[in-house]
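Colleague: okay, here's the prediction I keep looking at, along with the sequence it came from:
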Amino acid sequence: MRSIRLQFFSIIVVILLILLVLLNSYPLVSSRDLVFQEKESGMLSQASVIASSLSGLDSLSRAGIEEVLRLMDVSGYGRIAVANEQGELMYDNGGGGTPEELQRALDGKNVFRSAFDETAFSSACAVPFVAQNGGRGAVYLFERDTERADLIMTVQGRIRVASLAIAGLAVVLVLGFSELLLSRVRELVRSMRIVAGGDYDHRLAVKGKDEIAELGEEFNLLTERLDETEKQRRRFVSDASHELKTPLASIRLLADSVVENENVDMGTVREFAADISNEAKRLQRTTEELLDLSRLDDGVQRMPEPVDLKQVTLDALVLLRPLAAERSVRLHLDLSEGCVIMANTDDLFHVIFNLTENAIKYNVPEGEVWLHLSADEENVTFTVEDSGIGIPEEDRLNIFSRFYRVDKARSRASGGTGLGLSIVHDAVLAHGGSITVGANKPQGSVFVVKFPRPDEEETGI
């Protein structure tokens with residue numbers, strides 16, 4: 001498996017090679033083309049001037065051609081030649097055979113050719129003309145320019161040296177930058193392995209404000225959440241073990257008392273058996289609540305259906321009215337019609353039952369509980385108010401935590417496990433709702449639960 005450094009370095013090298021090729025080819029090609037254009041323009045212009053002068057001759061003769069060229073003082077060309085329409089050279093200061101360009105120009109076309117071989121520009125052109133007697137001819141010019149070639153190659157050499165130096169510096173900078181970048185990535189990977197090993201207190205030292213620094217900050221936030229989750233898990237396991245251990249210890253103690261005491265009377269046995277039954281019910285209730293919390297934690301949701309909160313409230317009150325009568329607590333109902341939401345009936349029953357049961361249990365003698373249910377265009381709101389003992393302000397932030405009790409002794413005496421409000425909280429959130437708690441006036445507590453109100457298409461009502 002190739003490392004990121006090798007892949008990153010390979011990409012940079014490829015980019016540098018492309019840049020080097022461009023730097024060492026484009027200036028040369030561009031300069032060469034500019035010289036070609038200049039040569040074509042200049043030589044064709046000069047050849048046209050000579051051809052125009054020769055066209056004034058009565059007839060093409062070697063003497064006449066030499067006289068015209070002498071008067072024009074043409075210099076700087078390596079070869080000047082003039083041919084008649086038969087291709088015969090009437091004038092040639094360079095020697096050699098008839099150039100191909102002359103042959104083509106005699107057909108009546110201007111001809112230009114130029115080549116560059118890194119030592120010189122070799123350029124040739126030919127222009128046709130017609131003398132006074134109607135005889136046709138052509139002028140040929142040839143030039144070998146070494147000065148321009150030397151200048152271009154000198155500049156190109158300097159560009160090559162400069163580009164190689166820049167490429168070398170770029171490679172050094174890339175290696176340094178990649179090492180710095182990869183060291184930060186390795187540090188992040190090392191921190192991940194530390195956290196994966198169970199050290200949730202570990203934090204990455206974040207440097208800079210780039211994307212890697214942002215990734216490091218997100219890693220620290222994730223680690224903090226993992227740390228908090230792990231602490232909650234351990235606390236939950238500890239609390240759950242304690243809650244399960246207490247009734248089990250009581251059951252064992254009561255059972256051992258009956259077994260080890262041979263002279264125990266039947267009334268005492270029945271009393272111990274009743275206590276064992278109560279502790280078993282408590283153990284069963286705690287187990288069921290733990291299973292409910294586990295289901296909510298896992299996000300396992302039953303298929304939602306239209307649920308009438310008023311009917312669910314009335315069903316819960318059937319079970320709660322005896323408890324209210326026993327505690328001498330008066331119930332006041334203000335339940336509006338049409339408060340339907342998409343949810344699970346059992347979950348909503350637990351929500352309403354637990355909130356109302358707590359309002360009754362933790363009330364004062366001759367106390368009161370008010371249940372309000374209403375709906376607007378956006379939400380369905382269920383409110384439970386009581387005139388009971390209330391919840392201290394410092395405890396309100398924790399009452400939805402698992403196994404948390406405001407008054408531990410009183411909660412145990414009333415059979416509470418400290419899980420009811422946690423189940424209520426998680427169930428409300430699982431159905432897209434919200435729950436808040438505050439103080440009632442002049443005393444007591446008030447819980448407000450809100451659910452989003454579905455439209456008619458969702459409920460089918």
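Modeller: Now that the structure is in, tell me what you want to look at.
Colleague: quick one: average confidence on stretch 223-232?
Modeller: Taken as a whole, stretch 223-232 carries a mean pLDDT of 77.
Colleague: what lies in contact with it?
Modeller: Around stretch 223-232, the neighbours that count as contacts under C-beta atoms under 8 Å, 6 or more residues apart in numbering are 191, 195, 200-204. Every residue, glycine included, has its C-beta placed from N, CA and C.
Colleague: one more time with 10 Å
Modeller: The contact list for stretch 223-232, computed with C-beta atoms under 10 Å, 6 or more residues apart in numbering, reads 191-192, 194-196, 198-204, 401-402.
Colleague: where does the stretch 251-400 of the chain dip in pLDDT?
Modeller: 264, 282, 284-303, 398 (pLDDT under 70).
Colleague: so what's Phe353 up against?
Modeller: Neighbour list for Phe353: 312-313, 315-317, 319-320, 420, 424 [criterion: C-beta under 10 Å, 6+ apart].
Colleague: and the helix or strand harbouring it, how far from the chain's centre?
Modeller: Applying DSSP states H and E as the criterion places Phe353 in helix 345-361. Its chain's average C-alpha position is 42 Å from that of helix 345-361, according to C-alpha atoms, centre = their mean, to the nearest Å.
Colleague: list the helices and strands the following helix or strand past it packs on?
Modeller: Proceeding N to C from helix 345-361, the next assigned helix or strand is strand 368-375, under DSSP H and E. Contacts defined by 3 or more C-beta pairs under 10 Å, 6 or more residues apart in numbering; DSSP states H and E place strand 368-375 against helix 309-327, strand 330-335, helix 345-361, strand 379-386, strand 445-452.
Colleague: can you list the buried residues in strand 368-375?
Modeller: Residues of strand 368-375 classed as buried by neighbour count (16 or more other C-beta atoms under 10 Å): 368-373, 375.
Colleague: what are the pairing partners of it, and which direction each?
Modeller: Take DSSP bridges as the rule and strand 368-375 pairs in its sheet with strand 330-335 (parallel), strand 379-386 (antiparallel).
Colleague: figure out which of these is closest to Arg148.
Modeller: Arg148 lies closest to strand 379-386 among the strands paired with strand 368-375, at 85.4 Å (C-beta to C-beta).
Colleague: relative to strand 445-452, how tilted is that closest one?
Modeller: Using axes from the mean of the first three to the mean of the last three C-alpha atoms, to 10 degrees, the inter-axis angle of strand 379-386 relative to strand 445-452 is 170 degrees.
Colleague: and strand 379-386 with helix 309-327, angle?
Modeller: Relative orientation of strand 379-386 with respect to helix 309-327: 0 degrees, computed using the same axes, to 10 degrees.
Colleague: hang on, the earlier thing: would JSON lines of the contacts of stretch 223-232 with distance to Thr119, secondary structure and pLDDT be doable?
Modeller: Shown next, in JSON lines, are those (distance: C-beta to C-beta, whole Å; DSSP: H, G, I helix; E, B strand; the rest coil; pLDDT from 0 to 100):
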{"residue": "Ser191", "distance to Thr119": "63", "secondary structure": "helix", "pLDDT": "86"}
{"residue": "Met192", "distance to Thr119": "63", "secondary structure": "helix", "pLDDT": "83"}
{"residue": "Ile194", "distance to Thr119": "67", "secondary structure": "helix", "pLDDT": "85"}
{"residue": "Val195", "distance to Thr119": "68", "secondary structure": "helix", "pLDDT": "81"}
{"residue": "Ala196", "distance to Thr119": "68", "secondary structure": "helix", "pLDDT": "81"}
{"residue": "Gly198", "distance to Thr119": "75", "secondary structure": "coil", "pLDDT": "79"}
{"residue": "Asp199", "distance to Thr119": "72", "secondary structure": "coil", "pLDDT": "81"}
{"residue": "Tyr200", "distance to Thr119": "74", "secondary structure": "coil", "pLDDT": "76"}
{"residue": "Asp201", "distance to Thr119": "74", "secondary structure": "coil", "pLDDT": "81"}
{"residue": "His202", "distance to Thr119": "69", "secondary structure": "coil", "pLDDT": "81"}
{"residue": "Arg203", "distance to Thr119": "68", "secondary structure": "coil", "pLDDT": "83"}
{"residue": "Leu204", "distance to Thr119": "63", "secondary structure": "coil", "pLDDT": "81"}
{"residue": "Ser401", "distance to Thr119": "89", "secondary structure": "coil", "pLDDT": "69"}
{"residue": "Arg402", "distance to Thr119": "90", "secondary structure": "coil", "pLDDT": "62"}
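Colleague: want to throw the helices and strands packed on strand 368-375 into a markdown table with distance to Asp150?
Modeller: As requested, those are exported to a markdown table (distance: least, C-beta to C-beta, whole Å):
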| stretch | distance to Asp150 |
| --- | --- |
| helix 309-327 | 96 |
| strand 330-335 | 103 |
| helix 345-361 | 91 |
| strand 379-386 | 87 |
| strand 445-452 | 84 |
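Colleague: and the ones you listed: which comes nearest Asn133?
Modeller: Among those, strand 445-452 comes nearest to Asn133, with 107.2 Å by C-beta to C-beta.
Colleague: quick one, strands of this structure?
Modeller: Per DSSP state E, the chain carries strands over the ranges 79-84, 89-92, 111-116, 121-130, 136-145, 305-308, 330-335, 340-343, 368-375, 379-386, 434-439, 445-452.
Colleague: and those strands as JSON lines, adding distance to Ala274?
Modeller: Listed next are the strands of the chain as JSON lines, based on distance: least, C-beta to C-beta, whole Å:
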{"stretch": "strand 79-84", "distance to Ala274": "132"}
{"stretch": "strand 89-92", "distance to Ala274": "138"}
{"stretch": "strand 111-116", "distance to Ala274": "114"}
{"stretch": "strand 121-130", "distance to Ala274": "118"}
{"stretch": "strand 136-145", "distance to Ala274": "121"}
{"stretch": "strand 305-308", "distance to Ala274": "37"}
{"stretch": "strand 330-335", "distance to Ala274": "30"}
{"stretch": "strand 340-343", "distance to Ala274": "38"}
{"stretch": "strand 368-375", "distance to Ala274": "30"}
{"stretch": "strand 379-386", "distance to Ala274": "31"}
{"stretch": "strand 434-439", "distance to Ala274": "36"}
{"stretch": "strand 445-452", "distance to Ala274": "33"}
